[in-house]
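> no sequence on hand, only this structure:
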């Protein structure tokens, strides 16, 4: 297995490209656009996010598990997967167009249609990226993501210079995704053989296995994102713009978790069939690092939320401060469960993830339909917290059942509870921002964090990243 340090290095560059194209660009547009126009753009991007998971149906996650384990001939596996993806793409496209026709008109409808097409293209790009990652070709994603980032920067420049509208941005993003897909197809054909032959054995395997991956993927994204569509419907574009301003920051920070998951999933999958004690040892190290990252982001987001919003979005978005605390909990809980979810996947308990996602979706939808019409985006934020508390609790229970371990020690649990308590007390006492006070708290907290790691543990983490384990 190649050294993790190289793959992490390439993934970090990809991660930075995604920060620019997926967050910084949208933050810049939020400053440049009116609240209504940014709300329309957010409506389109969140709708695309929902449709992407239907068209993609979890095949990317399957590829990152199956390809390293060499379950089938590589070329046969990829071609037969794309055959099944066509059906899901048609379902996604049809469903998106019907939804827009029934509920929206004018600008929302036009932008929505563009992003429906964008979703189908993006789902194929995601699969190619997963295939290249599974083959340890992280460089491909890094390069292609950089091209997409540059195109988005050009789009913003043209938008500003020529005073263009939100429809131009929507078409520009679609063009960038189409160009990505063309490049990925050409690279794949250059590197690998195209075996255009239907393999009934692989088709049957994909049909049986994809349901658990696809159902979990769809439901998991829907319970995290469907509230955006409900906020837009009940509250309008401006409320969605405010809600999205904080969600964009949360999603930006969640890419840190996604970065490690994209590297560690193939790595842990390749190590799964080795000694169980050794595998658990690796899982405990990785889980501790991931939770540490989650707590650090949670602290920083809450302590410097006023400065983050003012610097990134301007004062017209300060109303969003009311949802920083609940959405920071969403950030923390999603990062905490990232390793647990990966372990369930590679140990062939993906059906449990589906069960957890179904429960979460039911909780989320029922509460959102009650609270969003009454409380708007604030209600959506707190419903999201409740949903993630439920899902995290169930994840922990099932992980213990199958691995006989929580993969975390008492000291880490107590430190985490102390961190959460500190932020809650700060929120209750005062929401006023004092930058020097916040910096002091953060420095003291980071010093205390260092005591959670012994010298031996630090060396173990370094050795793991270098690929010596």
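Nice, I can see it. These numbers were taken from a predicted model, which means no experiment stands behind them. Numbering: from 1, shown residues only.

> got the buried residues for the strand or helix carrying residue 92?
According to DSSP states H and E, residue 92 maps onto helix 74-103. Within helix 74-103, the residues that count as buried by 16 or more other C-beta atoms under 10 Å are 74, 76-81, 84-85, 88-89, 92-93, 96-97, 99-100. For the C-beta atoms, the positions are set from N, CA and C on the backbone; glycine is no exception.

> ok and the following helix or strand past that helix relative to helix 74-103, angle-wise?
As assigned by DSSP H and E, the chain's next helix or strand after helix 74-103 is helix 106-134. Relative orientation of helix 106-134 and helix 74-103, computed by axes from the mean of the first three to the mean of the last three C-alpha atoms, to 10 degrees: 170 degrees.

> beyond helix 106-134, next helix or strand please.
Heading C-terminal from helix 106-134 (DSSP H and E), you reach helix 138-161.

> for that next one, name the packing helices and strands.
Helices and strands touching helix 138-161, as assessed by 3 or more C-beta pairs under 8 Å, 6 or more residues apart in numbering; DSSP states H and E, comprise helix 4-19, helix 25-32, helix 106-134, helix 166-191.

> pick the most buried one from those.
Highest mean neighbour count among those (mean count of other C-beta atoms under 10 Å): helix 106-134, with a mean of 21.

> just give me how far it sits from the chain centre.
A distance of 15 Å separates the centroid of the chain from that of helix 106-134, by C-alpha atoms, centre = their mean, to the nearest Å.

> and that helix, what does it pack onto?
helix 35-56, helix 59-66, helix 74-103, helix 138-161, helix 166-191, helix 237-271.

> in CSV, list those helices along with distance to residue 26 and mean pLDDT.
Below are these laid out as CSV (distance: least, C-beta to C-beta, whole Å; pLDDT from 0 to 100):
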stretch, distance to residue 26, mean pLDDT
helix 35-56, 8, 91
helix 59-66, 23, 81
helix 74-103, 20, 90
helix 138-161, 9, 86
helix 166-191, 10, 92
helix 237-271, 6, 78
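
> of these, which is nearest residue 399?
Evaluated over the helices and strands packed on helix 106-134, closeness to residue 399 peaks at helix 237-271, with 13.5 Å, by C-beta to C-beta.

> residue 286 touches residue 338, doesn't it?
No - in this structure, residue 286 is not within contact of residue 338 by C-beta atoms under 8 Å, at 9.7 Å.

> the host helix or strand of residue 203 to helix 106-134, inter-axis angle?
Using DSSP H and E, residue 203 maps to helix 200-235. With the same axes, to 10 degrees defining the directions, helix 200-235 sits at 140 degrees from helix 106-134.

> which elements pack onto the helix holding residue 92?
helix 35-56, helix 59-66, helix 106-134, helix 200-235.

> again, 6 Å this time
When contacts are defined as 3 or more C-beta pairs under 6 Å, 6 or more residues apart in numbering; DSSP states H and E, helix 74-103 packs onto helix 35-56, helix 106-134, helix 200-235.

> could you export the ones you listed as CSV, including distance to residue 277?
Converted to CSV, the helices and strands packed on helix 74-103 look like this (distance: least, C-beta to C-beta, whole Å):
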stretch, distance to residue 277
helix 35-56, 36
helix 106-134, 26
helix 200-235, 28
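
> distance between the lengthiest helix in the chain and the chain's centre?
If you go by DSSP state H, the chain has its longest helix at helix 350-403. In terms of C-alpha atoms, centre = their mean, the gap separating the centre of helix 350-403 from the centre of its chain is 16 Å.

> show the average pLDDT along it.
Averaged over helix 350-403, pLDDT sits at 91.

> beyond it, next helix or strand please.
Downstream of helix 350-403 (by DSSP H and E), the next one is helix 410-429.

> give me the buried positions along that next one.
Quick answer for helix 410-429 (16+ other C-beta under 10 Å): 412, 415-416, 419-420, 423, 426.

> so residue 70: helix, strand or coil?
coil (DSSP: H, G, I helix; E, B strand; the rest coil).

> so what's it up against?
With contact set as C-beta atoms under 6 Å, 6 or more residues apart in numbering, residue 70 has no partners.

> same question for the one 3 residues further on.
Neighbouring residues of residue 73 by C-beta under 6 Å, 6+ apart: there are none.

> distance between stretch 348-357 and the chain's centre?
For stretch 348-357, the distance from its own C-alpha centre to the chain's C-alpha centre is 18 Å (C-alpha atoms, centre = their mean).

> can you start the count at 19 instead of 1 from here on
Fine by me, first position is 19 from now on; the one you just mentioned is stretch 366-375.

> contacts for it, please.
230-231, 233-234, 237-238, 359, 362, 409, 412, 416.
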